[in-house]
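**Student:** need a structure here:
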Amino acid sequence: MDRRSFLKMAGFVAAMCERAVARSLVLLEIPDAITLSRIEWFLYETGLRGSTDETDRRCAVRITAEPGIHGWADGPDWIMPNAPTSGAIRNRLLGRQIEGPGVVWRELCEAGVPLATLGAVDVALWDLLGRLEDKPVHALLGTQRQKVKAYVTTDFNLGNPAQYAEYALSCRQAGVHGCKIRPHFAPGAGAEGAAGIGFPDRDMAVYQAVREAVGPDFACMADNGGTYTYDEALRVGRLLDDLQYAWYESPMPETESWRERYIALAGQLKTSICAPKALAESHPARIAWLTSRACDIPKIDIHRGGLTPCVEVAAACESAGARLELADIGLDSYPHLQIIAATSESLIRYVELSSLSRTTDVHPGRTTSEPALDEEGCVAIPQTPGMGLELDWQHIFTHRVG
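**Tutor:** Take a look at the predicted model:
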């Protein structure tokens, strides 16, 4: 989808979401007009090492409104804008009064700001609104719950079927509410997948072994990373129908050229199709997949443009009577918890986690511990103002780079 088509779709989606929002999801009332006076970007080192032993870096953005109230977001280093992008954001934000994050979102999208960078600005604006009102963001949207059930996602290439079965059983015994199985994955497939390099026969053995281990009443999900052909996806999907898996995620490559095959696949299977997860575009594309019945459960995260796109997809799903899943993004999960708190379990059933850890680690650059599992296999919703994330500005200033 080119940018002109994207923005045309965005306008359609905005109108549709406005109708949906009026129904029930978003209750946002913008406070008295606020004037934005400063926006700052901080690229900093955490002191940790990355997966390939490189220095781990994060990026924080802080937006200031008169009279000196801040809102912020913290994300991976690749959200850091280059000089022209930073200037474009600054020119559109500073000195203006904000009607709401959605207005800014569309302006910055039209200006060509990359979605991940735009997402950080959007999250910071929502955080600012929450702090201005002295409320968590979910209270601005309309709080519906205080905790959410969790499921855990395995690594790819975890081992043989017995090892997957053992891990899924440990999830059940630990009290979490489901396990998503990511079986065999070929290197080099890319974020959006690549057809014909999957291992459907080996994967089916894993899916079968997991179901036999955990029994029929434990939620199991399947995700092969978009590496099946259509015929392979159909064959595996029919097994998942028999095994009563909760959903079938990203079975084929997730590009617009594959949408028609997703429509065909969804029409042949009882198991819900969860997609697209990796599609590089934001909410209009995901809503288009939903309305064309290429998927039953769209998936999005804040790196596809921030909180506003997630809220708009949630509103569209609510209007259509569909469910929504938010991707696990680890350290950047606080905005997802705000959205979940403002929705019902029938709309977003779970929060996705990558481990069974119940530790409450505090990541360098932060003073707030990471969300953790409780004894009931749930994650509590933050109740502090804004997104619920407090940053260690002394660490960030001390370890700032560039």
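
**Student:** which residues in the protein form helices?
**Tutor:** Using DSSP state H, the helices of the chain run over residues 3-23, 83-93, 101-110, 115-133, 137-141, 161-174, 200-214, 230-243, 259-268, 283-291, 307-320, 334-341, 393-398.

**Student:** Rebuild those helices as a markdown table, extending it with mean pLDDT.
**Tutor:** Formatted as a markdown table, the helices of the chain follow (pLDDT from 0 to 100):
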| stretch | mean pLDDT |
| --- | --- |
| helix 3-23 | 40 |
| helix 83-93 | 96 |
| helix 101-110 | 91 |
| helix 115-133 | 96 |
| helix 137-141 | 95 |
| helix 161-174 | 98 |
| helix 200-214 | 98 |
| helix 230-243 | 98 |
| helix 259-268 | 98 |
| helix 283-291 | 95 |
| helix 307-320 | 95 |
| helix 334-341 | 96 |
| helix 393-398 | 98 |
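
**Student:** what's the closest of these to Y44?
**Tutor:** Among those, helix 393-398 comes nearest to Y44, with 4.8 Å by CB to CB. Where you see a C-beta, it was placed from the backbone N, CA and C, and this is true even at glycine.

**Student:** Now do the buried residues in the closest one.
**Tutor:** Using 16 or more other CB atoms under 10 Å as the test for burial, helix 393-398 gives H395, I396.

**Student:** Only C-alpha atoms, please: export that helix in CSV.
**Tutor:** Output of helix 393-398 as CSV, limited to C-alpha atoms (Å, rounded to 0.1, in the frame of the first residue of the first chain):
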residue,chain,number,x,y,z
TRP,A,393,16.4,10.6,34.5
GLN,A,394,19.7,10.7,36.4
HIS,A,395,20.8,7.5,34.7
ILE,A,396,19.5,8.7,31.3
PHE,A,397,21.4,12.0,31.6
THR,A,398,24.6,10.4,32.9
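
**Student:** Am I right that I34 is in contact with Q97?
**Tutor:** Yes. Using CB atoms under 8 Å, I34 is in contact with Q97, at 6.3 Å.

**Student:** So these two - more neighbours on which side?
**Tutor:** Shown here are I34 and Q97; by other CB atoms under 10 Å, I34 has more neighbours (19 against 12).

**Student:** got a list of contacts for stretch 351-360?
**Tutor:** 148-153, 170-171, 174, 176, 180, 325-328, 330, 333, 336-337, 340, 369-374, 379 (CB atoms under 8 Å, 6 or more residues apart in numbering).

**Student:** Mind checking which of the residues you listed are buried?
**Tutor:** Among those, those that count as buried by neighbour count (16+ other CB under 10 Å) are 148-153, 171, 176, 180, 325-328, 333, 336-337, 340, 370-371, 373, 379.

**Student:** Ramachandran angles for the residue nearest to the spatial centre of the chain?
**Tutor:** For the chain, the residue sitting closest to the mean C-alpha position, by CA atoms, centre = their mean, is D301 at 2.1 Å. Phi and psi for D301, reported as degrees, to the nearest 10, are phi -150, psi 170.

**Student:** what's the closest non-adjacent residue to it?
**Tutor:** A327 (4.0 Å; CB to CB, 6 or more residues apart in numbering).

**Student:** who's in contact with that neighbour?
**Tutor:** Going by CB under 8 Å, 6+ apart, the list of residues near A327 reads K277, K299, I300, D301, E352.

**Student:** contacting residues for the fourth one?
**Tutor:** Contact criterion CB under 8 Å, 6+ apart gives C310, L326, A327, I329, D332, H336 as the residues in contact with D301.

**Student:** now it: how far from V210?
**Tutor:** Distance of D301 to V210, given as CB to CB, to the nearest Å: 25 Å.

**Student:** again, but for the first one
**Tutor:** Taken as CB to CB, the spacing of K277 relative to V210 amounts to 20 Å.

**Student:** These two: who's more crowded?
**Tutor:** Between K277 and V210, counting by other CB under 10 Å, V210 is the more crowded of the two (26 against 23).

**Student:** how close does the more buried one get to I396?
**Tutor:** Separation of V210 from I396 (CB to CB): 42 Å.

**Student:** Over to L290?
**Tutor:** 39 Å.

**Student:** Also E249?
**Tutor:** Counting by CB to CB - E249 and I396 are separated by 35 Å.

**Student:** Double-check T153 against D328; I have them as touching.
**Tutor:** Yes. In this structure T153 lies within contact range of D328 using CB under 8 Å: 6.2 Å.

**Student:** what sits against H363?
**Tutor:** By CB under 8 Å, 6+ apart, the contact set of H363 is T46, L331, E370.

**Student:** now with 10 Å?
**Tutor:** Contact partners of H363, counting by CB atoms under 10 Å, 6 or more residues apart in numbering, are T46, L48, D56, R58, D74, G330, L331, S369, E370, D392, H395.

**Student:** The second one: neighbouring residues, count only.
**Tutor:** The burial count assigned to L48 is 12, neighbours taken as other CB under 10 Å.

**Student:** Excluding sequence neighbours, find me the nearest residue to it.
**Tutor:** Leaving aside its sequence neighbours, L48 sits nearest to D56 (CB to CB, 6+ apart; 4.3 Å).

**Student:** so who does the closest residue to C317 other than its chain neighbours touch?
**Tutor:** In space, and not counting its chain neighbours, C317 is closest to L324: 4.5 Å by CB to CB, 6+ apart. By CB under 10 Å, 6+ apart, the contact set of L324 is 274, 286, 290, 297-300, 310, 313-318, 339-340, 343, 347-349.
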